[in-house]
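> My questions are about this predicted structure, shown below with the sequence.
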Amino acid sequence: MSILAYDLGASSGRALLGRLTDRRIEVEELHRFSNDPVQVGNHLYWDILRLYYEIKQGLTKAKQQGISPNSLAIDTWAVDFGLIGKNGELLGNPYHYRDRQTDGMMERVFSEIPQFELFQRTGIQFLPFNTIFQLYALKLSDSTLIREADRFLMIPDLLRYFLTGEKVTEFSNATTTQMYNPLKGQWDDELLQRLGIPSTWFGTIVQSGTQVGKLRSAISVELGVGEIPVFAVAEHDTGSAVAAVPAMDRSFAYLSCGTWSLMGTEVSQPVINDLTLGFNFTNEGGVGGTYRLLKNIMGLWILQESRREWEKSGISYTFPELVKLAEQAPPFTALIDPDDAIFLHPGDMPSRIQQYCRQTGQQVLGEPGSIVRCIMESLALKYRYVLELTERLSGHHFNGLHMVGGGIYNTLLCQWTANAIGKPVWAGPAEGSAIGNLAIQWLAQGEFSDIWEARQVIRDSFPVAAYEPEHGEEWEHAYGRFLQIILGRK
């Protein structure tokens, strides 16, 4: 049985063909493409129609190989959305979550709904780009989008709507909006009403693994393919990545590592209390009605933006070259909090790291190797900090950390993460989100009895690299410095 998974991240997308043969998963990359945001005037947008074009290209390439997938599904990043008008057409390009329209919006929303109450109602961490703050920014600006909108669809819902004509929202992604009430199991209509956001925009929520229509007949004719069934998987890519964690223990810690790093554990019920609020953790929906108790960490975004800045100045590095430079640089010269607000928006990250060093009384870094080393060491130390908080909030002790996602190609970061946490790191699979996407489709079609059987097959199908901690005393000393820097800056 061949099925198709579209996995769209914040910087690139891919179409992977999956085959399940003799309890082994085989994957083949059919199509890979960049996902480049577009700055127009004062706003940053997603090029959504280009992404839709690339999805159709994936189907075309499958056809060219004589493959007719039994099903397909899409996962993407969270929080962003499109608004559909009464005529069924998209109203404008979706804004990028790093657009500055949400600057100051958290405080504006808190003046209407206190922060504590908003967390109690949703269980979601406070990030300035959460969907609720994006919508409130549009409302306060009296945007034409708000006046003309008839239906709200998140990015994977929107792409799926283009394919099928069906307008529903998938559970894991709905929870990230900070407008879903997990205690009631539905959109929080009272919350929406108090913010002046029409609850009529928000449609049916379906669980991951639900079939949501088939390819429109017009698309089938256009591409020369069948009316392929389309499924809603865990459409927040982290939800699909966690589904693919090849864990043997029912209690496990994971790190989905890419442009963003997301660390946490899987729980049966949301953990909503004062500690979770205080540490700004989140409760996002997962497969089978589970929740992901986790925290967002800025991730490799800072490294990606640094590389872009060096390219602008005419110095081009591959990521392996940057990692090699980092390995050769002196250790622990300076440390940053990757989640400091200074690193949120696109721009000159090397200069911002230098600014951070000045403000915290550290040596100001200059060479690319020392800057990259600072980023990676700081990420590894932040992972330890968040892992310890995850253990405290969940009440579980973890013997090691599962890393999935494209970030595991950075083997130096994997090793430094093991060094920082003082525990083994098990890295794999790299295409975690896409493989989880495939697994959920097969689960929905009866090929697996439950998610744990799927994880067993994933474990048997893909290699996992193990990293044992090294240089414990040096990393312990560095962690003490790191805590002083990040806690002293708050």
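That came through fine.
> Name the residues of the helix ranked longest in the chain that are buried.
Ordering each helix of the chain by length in residues (DSSP state H) puts helix 368-394 first. Across helix 368-394, burial judged by 16 or more other Cβ atoms under 10 Å covers 368-387, 389-390, 393-394. Heads up, the C-betas are built off the backbone N, CA and C, glycines and all.
> now the strands for the stretch 201-350 of the chain?
Under the criterion DSSP state E, counting those that start in this stretch, strands of the stretch 201-350 of the chain are mapped to 205-206, 210-214, 229-232, 253-257, 261-267, 282-285, 291-297.
> and residue 68, which of those strands is closest to it?
strand 229-232 (11.6 Å; Cβ to Cβ).
> what's that closest one in contact with?
Outside of strand 229-232, the residues within contact range by Cβ atoms under 8 Å, 6 or more residues apart in numbering are 70-73, 156, 160, 163-164, 168, 170, 206-215, 440-441, 444.
> Can you say which of these are buried?
Buried positions within the contacts of strand 229-232, assessed by neighbour count (16+ other Cβ under 10 Å), are 71-73, 156, 160, 163-164, 168, 170, 206, 208-215, 440-441, 444.
> Among the residues you listed, which ones are in helices?
Per DSSP H, helices hold the following members of the buried ones among the contacts of strand 229-232: 156, 160, 163, 164, 440, 441, 444.
> Among those residues, which one lies nearest to residue 16?
The closest of those, once distances to residue 16 are taken by Cβ to Cβ, is residue 441, at 11.4 Å.
> check contacts around the closest one.
The neighbourhood of residue 441, defined by Cβ under 8 Å, 6+ apart, consists of 3, 5, 18, 71, 72, 73, 209, 231, 233.
> And the pLDDT at it?
The predicted local distance difference test score for residue 441 is 98.
> next one: residue 488
For residue 488, the pLDDT comes out at 81.
> repeat for residue 470
98.
> So it lies in a helix, does it not?
No: counting by DSSP: H, G, I helix; E, B strand; the rest coil, residue 470 is not part of a helix but coil.
> and it, how many neighbours?
By the other Cβ atoms under 10 Å criterion, the neighbourhood of residue 470 contains 12 residues.
> Give me the spatial nearest neighbour of it, chain neighbours excluded.
Take residue 470 and drop its neighbours on the chain: the residue closest to it by Cβ to Cβ, 6 or more residues apart in numbering is residue 419, 5.4 Å away.
> Could you check the angle the helix or strand where that neighbour lies makes with strand 253-257?
Here residue 419 is covered by helix 411-421, with elements defined by DSSP states H and E. For helix 411-421 against strand 253-257, the angle by axes from the mean of the first three to the mean of the last three Cα atoms, to 10 degrees is 150 degrees.
> which outside residues touch the helix or strand following helix 411-421?
Scanning the chain past helix 411-421 towards its C-terminal end, the next helix or strand to appear is strand 425-427 (assignment: DSSP H and E). When contacts are taken as Cβ under 8 Å, 6+ apart, the neighbours of strand 425-427 outside the stretch itself are 246, 400-404, 408, 411, 414-415, 417-418, 464-467.
> how about 10 Å then?
The set of residues external to strand 425-427 that reach it, using Cβ atoms under 10 Å, 6 or more residues apart in numbering, is 245-248, 252, 254-255, 257, 380, 383, 400-405, 407-411, 413-419, 459, 463-469.
> Can you give me the domain assignment for the chain?
If you go by automatic domain parsing, the domain ranges for the chain are 2-232, 246-428+448-490.
> In TSV, list those along with distance to residue 239.
Formatted as TSV, the domains of the chain follow (distance: least, Cβ to Cβ, whole Å):
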stretch	distance to residue 239
domain 2-232	4
domain 246-428+448-490	5
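> Looking at those domains, spot the one closest to residue 240.
When those are compared by Cβ to Cβ, domain 2-232 sits nearest residue 240, at 4.5 Å.
> now the end-to-end length of the closest one.
Its start and end residues considered, domain 2-232 measures 17 Å (Cα to Cα, to the nearest Å).
> Could you pull up the residues touching the residue located most distally from the centre of the chain?
If you look at how far each residue of the chain sits from its centre, by Cα atoms, centre = their mean, the farthest one is residue 221, at 33.6 Å. Taking Cβ under 10 Å, 6+ apart as the definition of contact, the neighbours of residue 221 are 215, 227.
> For residue 227, see how far away it is.
With distances defined as Cβ to Cβ, to the nearest Å, the gap from residue 221 to residue 227 amounts to 10 Å.
> shared neighbours, the two?
Counting by Cβ under 10 Å, 6+ apart, the common neighbours of residue 221 and residue 227 are residue 215.
> can you pull the contacts of the nearest residue to residue 189 once chain neighbours are set aside?
On the basis of Cβ to Cβ, 6+ apart, the spatially nearest residue to residue 189 that is not a chain neighbour turns out to be residue 199, at 4.4 Å. When the contact criterion is Cβ under 10 Å, 6+ apart, the partners of residue 199 are 152, 179, 187, 188, 189, 190, 191, 192, 193.
> Strands of the stretch 51-200 of the chain, residue ranges please.
Taking DSSP E, counting those that start in this stretch to define them, one finds strands in the stretch 51-200 of the chain at 72-75, 81-85, 149-154, 169-170, 180-181, 186-187.
> partners of the fifth one, with directions?
If I follow you right, that is strand 180-181. Strand 180-181 sits in its sheet next to strand 186-187 (antiparallel), going by DSSP bridges.
> can you give me the offset of the partner strand from its chain's centre?
Between the centre of strand 186-187 and the centre of its chain there are 22 Å (Cα atoms, centre = their mean, to the nearest Å).
> most neighbours per residue, which of the strands of the stretch 51-200 of the chain?
strand 72-75 (a mean of 29; mean count of other Cβ atoms under 10 Å).
> So in that sheet, which strands flank it, and in what orientation?
Strands adjacent to strand 72-75 in the sheet, as given by DSSP bridges, are strand 2-8 (parallel), strand 229-232 (parallel).
> what is the mean pLDDT for that strand?
Taken as a whole, strand 72-75 has a mean pLDDT of 98.
> mind starting the numbering at 19 from now?
With the count now opening at 19, the last piece we talked about shows up as strand 90-93.
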